[in-house]
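> no FASTA, just this:
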Ligand SMILES: C[S@@+](CC[C@H](N)C(=O)[O-])C[C@H]1O[C@@H](n2cnc3c(N)ncnc32)[C@H](O)[C@@H]1O
């Protein structure tokens, strides 16, 4: 595949991934169907087979970011927890459980607090090959009296020092959702469950380097692909729905991004 181009394949990702080499994918950023919350045109979602194929194709030190929410009806389904444990049994290390916080959410509950988050499982095969920590500006910076660790005399000595301008972000990431938040690409909303472009971008920047291949085996409207290409990565997108793949292709074309001719 040429540098900075996308390839899309229509099909059940289990079968498509079976044709990929073992240990060939450095980063996957994906979001599966959540329980039965959406109708994705009669898809088949064999979770355990997908998880096993993801483990096989992931490179040593490679990462799979699995964005997942639970169905909430008479309590939470906890499908996310069951999936997390299954990934661990397969051999993935649960490198982190991150939170995708929604800045705006219409989902109110009458007998519980409004749900405002989904989970982002960061699964790793071994130890991460790449970690480019994203930074956030600190609230205060400049020179200030800094506290030092206490020495054996018990006295807390202070010294004038420089406060850092930025620090590594926490593992809770907040995004606005909906048109203008998730994306400005109206075409993407022809798909029922798009995740924010910035979320995909932040993971791509964190866990891969330019030129790396990024996989989304359930790519829907192509969000991961758009952000991979804009950040000079290569992209392989799979979806069981030909209609969704067409949306993804058109979205990339509208953004002036390149697609490889179908294999
Ligand atoms: C939550 S959506 C992904 C949305 C995507 N992240 C975006 O931003 O547009 C899940 C997708 O998984 C696809 N899907 C479900 N089962 C699949 C399977 N077995 N193989 C490939 N795709 C599948 C659905 O068609 C749907 O587009």
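That came through, no problem. Remember, it's a predicted structure, so these values are computed and weren't measured experimentally.
> which residues of the stretch 151-263 of the chain fall in helices?
All helices of the stretch 151-263 of the chain, identified by DSSP state H, counting those that start in this stretch, fall at 197-207, 223-230, 242-254.
> now render those helices as CSV, adding mean neighbour count, mean pLDDT and distance to the ligand.
Backbone N, C-alpha and C define where each C-beta goes, glycine included. CSV is the format used below for the helices of the stretch 151-263 of the chain (neighbours: other C-beta atoms under 10 Å; pLDDT from 0 to 100; distance: least, C-beta to the nearest ligand atom, whole Å):
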stretch, mean neighbour count, mean pLDDT, distance to the ligand
helix 197-207, 22, 98, 7
helix 223-230, 27, 97, 3
helix 242-254, 18, 96, 5
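> export those helices to CSV and tack on distance to residue 187?
Formatted as CSV, these follow (distance: least, C-beta to C-beta, whole Å):
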stretch, distance to residue 187
helix 197-207, 13
helix 223-230, 11
helix 242-254, 5
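> quick one, which of the ones you listed gets closest to residue 87.
helix 197-207 (15.9 Å; C-beta to C-beta).
> list the helices and strands the closest one packs on?
strand 25-30, strand 58-68, strand 117-124, strand 172-175, helix 223-230 (3 or more C-beta pairs under 8 Å, 6 or more residues apart in numbering; DSSP states H and E).
> okay, the angle between that helix and strand 25-30?
Orientation check (axes from the mean of the first three to the mean of the last three C-alpha atoms, to 10 degrees): helix 197-207 against strand 25-30 gives 160 degrees.
> what does helix 197-207 contact?
Residues outside helix 197-207 that contact it (C-beta atoms under 8 Å, 6 or more residues apart in numbering) are 27, 29, 63, 65, 67, 100, 120, 122, 128, 130-134, 173, 175, 182-183, 214, 223-224, 226-228, 230-231, 233.
> ok, back up a step: among the helices of the stretch 151-263 of the chain, which is nearest residue 74?
For the helices of the stretch 151-263 of the chain, the distance to residue 74 is smallest for helix 197-207, at 28.7 Å, taking C-beta to C-beta.
> which pLDDT value goes with residue 263?
As summarised for this prediction, residue 263 has a pLDDT of 52.
> and stretch 249-263, how far out from the chain middle?
The chain centroid and the centroid of stretch 249-263 are separated by 21 Å, computed with C-alpha atoms, centre = their mean, to the nearest Å.
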